[in-house]
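Colleague: Here is my input, please return the structure:
(one chain, ligands or ions: 1)
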Amino acid sequence: MSEREASHWGWGHADQFPKREARKALGDQVGNLLGLPVSGPHDPVPLAEVRVGEPRVDAPAALPFVNAEREDRVRHTYGRAYPDVVRGFGGDFTAAPDLVAHPSTETEVDQVLDWAQGAQVAVVPYGGGTSVVRGVECPLPDGFRGTLSLDLRGLDRVLEVEPSSLTARIQAGATGPRLEAQLAEHGLTLRCFPQSFEFSTLGGWLATRAGGHFATGYTHVDDLTASIRALTPRGPWESRRLPGSGAGPSPDRLMLGSEGALGVITEAWMRVRPRPRYRASASLRFAEFRDAVAACRALAQSGLFPSNCRVLDPREAKLNMVAVDGSSVLLLGFESADHPLHAWMDRALELARDHGGTVAGAVKHAEAGEKTGESGQAGTWKNAFVQMPYLLNVLVSLGVIADTFETACPWDRFDDLHAALVKNVRGAMKAVAGSPCHLSCRFTHVYPDGPAPYYTFIAKARPGAEVEQWAAIKQAASETLMAHGATITHHHAVGRTHRPWYREQRPAPMGDALRALKGALDPAGILNPGVLL
Ligand SMILES: Cc1cc2nc3c(=O)[nH]c(=O)nc-3n(C[C@H](O)[C@H](O)[C@H](O)COP(=O)(O)OP(=O)(O)OC[C@H]3O[C@@H](n4cnc5c(N)ncnc54)[C@H](O)[C@@H]3O)c2cc1C
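Modeller: The predicted structure follows:
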């Protein structure tokens with residue numbers, strides 16, 4: 001079977017970028033829905049015509065899995081945030097790495113690290129390249145001769161399953177579908193579903209502390225990690241597979257979120273679970289956003305741990321065509337491998353109704369083999385969720401800025417934070433892009449002590465100034481997050497984009513501690529210089 005070609009500039013498969021006519025029609029729809037003037041549709045610069053410099057170093061002859069080929073370098077240049085997509089669309093790949101390595105064994109990863117130290121070449125671990133924080137784009141650091149993108153997707157197997165502890169040893173380069181297909185042979189699942197699931201990898205999830213789309217309970221990949229094995233320039237870093245340990249600072253916690261700066265994660269023992277047999281879903285509408293928020297808090301604190309507990313504000317509901325009447329929506333879901341879910345769902349609905357929610361459509365219960373319960377608004381939402389990154393590609397071609405930012409904060413700070421974000425981010429959009437513009441909010445994850453709100457912003461781009469406009473909006477959002485005691489990121493990582501605000505957020509001595517740790521593990525500083533520190 002031939003593999004589908006990936007887009008060289010945007011999200012996903014190249015063949016899913018619509019033809020001009022379809023894009024024009026979509027532009028009209030978006031224009032009507034958001035009242036936003038669009039231009040174009042414009043076309044991306046074809047791969048053969050993009051701008052990319054000559055490699056500054058030669059591929060080492062002794063490592064035949066390393067190359068300096070133009071197309072491979074182009075395809076490893078950027079992640080998939082708005083500024084990446086807009087630069088790729090315009091054919092600017094001058095930031096390309098000099099070399100790309102495709103190891104298929106740990107020994108080959110080790111050989112790359114050895115060679116790079118001697119050759120003064122920076123090594124950027126690369127999973128699926130879906131970073132939205134410039135995590136895989138490495139400008140040439142001072143004192144280095146070149147950069148190498150270390151693509152780990154050749155290490156993509158589930159190596160071992162331990163059924164009594166429900167754990168599996170999985171190689172870091174496995175993408176979501178690759179690892180789920182192999183676990184399914186054992187009737188198991190990791191159930192870590194970031195929106196980028198189709199293309200991102202286990203190693204990327206661990207290195208960025210990804211958030212899957214379980215809305216409560218096990219949300220971050222951290223919760224699913226039993227032990228990690230990484231290669232550092234100073235040798236292997238491997239923790240014991242344990243259900244829990246109080247032995248000092250956790251070695252896994254030091255690797256989780258290390259963003260390729262401390263070691264190359266090659267495999268991990270992950271906590272897996274039987275595939276769910278029972279599913280239930282429902283959606284509720286609220287006349288007021290604050291009531292939907294209050295219902296969501298009650299659910300998060302109820303101990304019911306719904307697998308889906310997602311609030312959409314009226315604009316977000318409209319953008320995703322889930323509700324167009326100005327109401328806020330609460331999408332609810334439960335799943336279990338063990339028991340039917342009527343009692344859980346009934347109690348959750350009771351809590352939501354206490355806060356003014358009304359059930360829209362039917363409450364669905366399904367058992368494995370039956371059609372999933374996710375029809376109606378939940379189904380519409382899921383579809384929109386999967387398609388949204390492709391829509392962002394189209395918006396770029398229509399001269400529109402479209403991106404997201406996310407955070408988490410305690411419940412007692414949410415109202416003020418939300419009001420300030422709406423004021424400041426809308427203000428920044430108006431200043432750089434004029435009116436009208438769009439800002440909407442949903443909760444991606446909720447905890448007993450607070451929500452993780454996620455914002456989508458859309459504004460008119462000025463040709464040639466897109467990245468500057470985006471940066472001004474992003475700055476307004478980030479400064480507001482810091483001023484209100486929220487986190488600069490709940491699950492999008494730090495990378496290079498969030499670094500100034502991460503510095504502000506972390507305890508002051510932690511920067512020195514991180515630098516010392518990096519110095520101990522990576523004395524020549526070859527690993528992804530510029531992320532985190
Ligand atoms: C459309 C879209 C939707 C997204 N949705 C979500 C979401 O729902 N939840 C979420 O958490 N994130 C989301 N993201 C962000 C991104 O998918 C995550 O950060 C993801 O974990 C990155 O995985 P990756 O394999 O693509 O890593 P890459 O993008 O290749 O790398 C990310 C970082 O991890 C490092 N890295 C990668 N592999 C390794 C390794 N084996 N060892 C050491 N370091 C490594 C890289 O050097 C880099 O710093 C989304 C991104 C996009 C574009």
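Colleague: what's the neighbour count on the residue in the stretch 51-200 of the chain that the ligand sits nearest to?
Modeller: Nearest residue of the stretch 51-200 of the chain to the ligand: Gly127, at 2.4 Å (C-beta to the nearest ligand atom). Any C-beta I mention is one placed from the backbone N, CA and C, and that applies to glycine too. Neighbours of Gly127 under the rule other C-beta atoms under 10 Å: 29.
Colleague: Skipping its backbone neighbours, what lies nearest whichever residue of the stretch 401-533 of the chain sits closest to the ligand in space?
Modeller: As assessed by C-beta to the nearest ligand atom, the ligand sits closest to His491 within the stretch 401-533 of the chain, at 3.6 Å. If the residues on either side of it in the chain are set aside, His491 comes closest to Gly211, at 3.2 Å by C-beta to C-beta, 6 or more residues apart in numbering.
Colleague: Could you pull up the contacting residues of the one you found?
Modeller: Neighbour list for Gly211: Pro194, Thr219, His220, Val221, Thr444, His445, Ala452, His490, His491 [criterion: C-beta atoms under 8 Å, 6 or more residues apart in numbering].
Colleague: can you check Ala486 too?
Modeller: If a contact means C-beta under 8 Å, 6+ apart, then Ala486 has Thr407, Ala408, Cys409, Arg413, Leu417 as its contacts.
Colleague: quick one: which of those residues sit in helices?
Modeller: Arg413, Leu417 (DSSP state H).
Colleague: Arrange the contacts of Ala486 in a markdown table, one row each, with neighbour count and pLDDT as further columns.
Modeller: Shown next, in a markdown table, are the contacts of Ala486 (neighbours: other C-beta atoms under 10 Å; pLDDT from 0 to 100):
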| residue | neighbour count | pLDDT |
| --- | --- | --- |
| Thr407 | 25 | 98 |
| Ala408 | 24 | 98 |
| Cys409 | 21 | 98 |
| Arg413 | 13 | 98 |
| Leu417 | 20 | 98 |
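Colleague: and the residue of the stretch 301-450 of the chain found nearest the ligand, what element?
Modeller: Nearest residue of the stretch 301-450 of the chain to the ligand, counting by C-beta to the nearest ligand atom: Pro389, 3.6 Å away. Element membership for Pro389, per DSSP states H and E: helix 376-397.
Colleague: Enumerate the residues of the stretch 301-450 of the chain near the ligand.
Modeller: Within the stretch 301-450 of the chain, the positions near the ligand by C-beta under 6 Å from any ligand atom are Pro389.
Colleague: In the stretch 301-450 of the chain, what residue spans correspond to helices?
Modeller: According to DSSP state H, counting those that start in this stretch, the stretch 301-450 of the chain carries its helices in the segments 314-319, 342-354, 376-397, 411-433.
Colleague: Over to the stretch 1-150 of the chain?
Modeller: Using DSSP H, counting those that start in this stretch, helices in the stretch 1-150 of the chain cover 20-34, 70-75, 82-89, 106-119.
Colleague: need the residues of the protein near the ligand, please.
Modeller: Residues of the chain lying close to the ligand by C-beta under 6 Å from any ligand atom are 11, 79-80, 124-132, 135-136, 152, 172, 194-196, 200-201, 203-205, 207-208, 210-211, 259-260, 264-265, 389, 491-493, 528, 531.
Colleague: Low-confidence stretches in this structure?
Modeller: Low-confidence segments of the chain, defined by pLDDT under 70: 1-2, 369-377.
Colleague: per the record, what domains does it have?
Modeller: 48-151, 161-274, 276-493 (automatic domain parsing).
Colleague: Would you mind measuring the gap between the ends of the last one?
Modeller: Between the opening and closing residues of domain 276-493 there is a gap of 29 Å (C-alpha to C-alpha, to the nearest Å).
Colleague: what do you get for the shortest one?
Modeller: In terms of C-alpha to C-alpha, the two terminal residues of domain 48-151 are separated by 22 Å.
Colleague: Need the three-state assignment for the nearest residue to Phe414 once chain neighbours are set aside.
Modeller: Once flanking residues are discounted, Phe414 sits nearest to Pro451: 6.0 Å by C-beta to C-beta, 6+ apart. Counting by DSSP: H, G, I helix; E, B strand; the rest coil, the backbone at Pro451 sits in strand.
Colleague: try the one 4 residues further on
Modeller: The three-state label for Tyr455, taken from three-state DSSP, comes out as strand.
Colleague: what about it, neighbour count?
Modeller: Tyr455 sits with 20 neighbouring residues when counted by other C-beta under 10 Å.
Colleague: Surely it and Glu406 touch.
Modeller: Yes: Tyr455 is in contact with Glu406 according to C-beta atoms under 8 Å; the separation is 7.0 Å.
Colleague: Pull the contacting residues for Ala300.
Modeller: Counting by C-beta under 8 Å, 6+ apart, Ala300 makes contact with Thr216, Cys309, Val446, Tyr447, Pro448, Pro451.
Colleague: ugh, typo on my part, it should be Thr216
Modeller: Counted by C-beta under 8 Å, 6+ apart, Thr216 has contacts Leu299, Ala300, Phe305, Pro306, Ser307, Cys309, His445, Val446, Tyr447.
Colleague: What distance separates the opening and closing residues of stretch 271-283?
Modeller: End-to-end distance for stretch 271-283, by C-alpha to C-alpha: 30 Å.
Colleague: Tell me how far it lies from the chain's centre.
Modeller: 22 Å (C-alpha atoms, centre = their mean, to the nearest Å).
Colleague: same question, stretch 162-178
Modeller: Taking C-alpha atoms, centre = their mean, the mean C-alpha location of stretch 162-178 is offset from the chain mean by 20 Å.
Colleague: Now that stretch: buried residues?
Modeller: Thr167, Ala168, Arg169, Ile170, Gln171, Ala172, Gly173, Ala174, Thr175, Gly176, Arg178 (16 or more other C-beta atoms under 10 Å).
Colleague: Would you point out the most distant pair within those?
Modeller: Greatest spatial distance among the buried residues of stretch 162-178 (C-beta to C-beta): Thr167 and Thr175, at 20.0 Å.
Colleague: tally of neighbours for Arg240?
Modeller: Other residues lying near Arg240 total 11 when counted by other C-beta under 10 Å.
Colleague: Wait, it touches Arg229, no?
Modeller: No: using C-beta under 8 Å, Arg240 makes no contact with Arg229, being 10.8 Å away.
Colleague: for Trp381, what are its contacts?
Modeller: Taking C-beta under 8 Å, 6+ apart, we find Trp381 in contact with Ser283, Arg310, Leu312, Asn320, Val322, Val329, Leu331.
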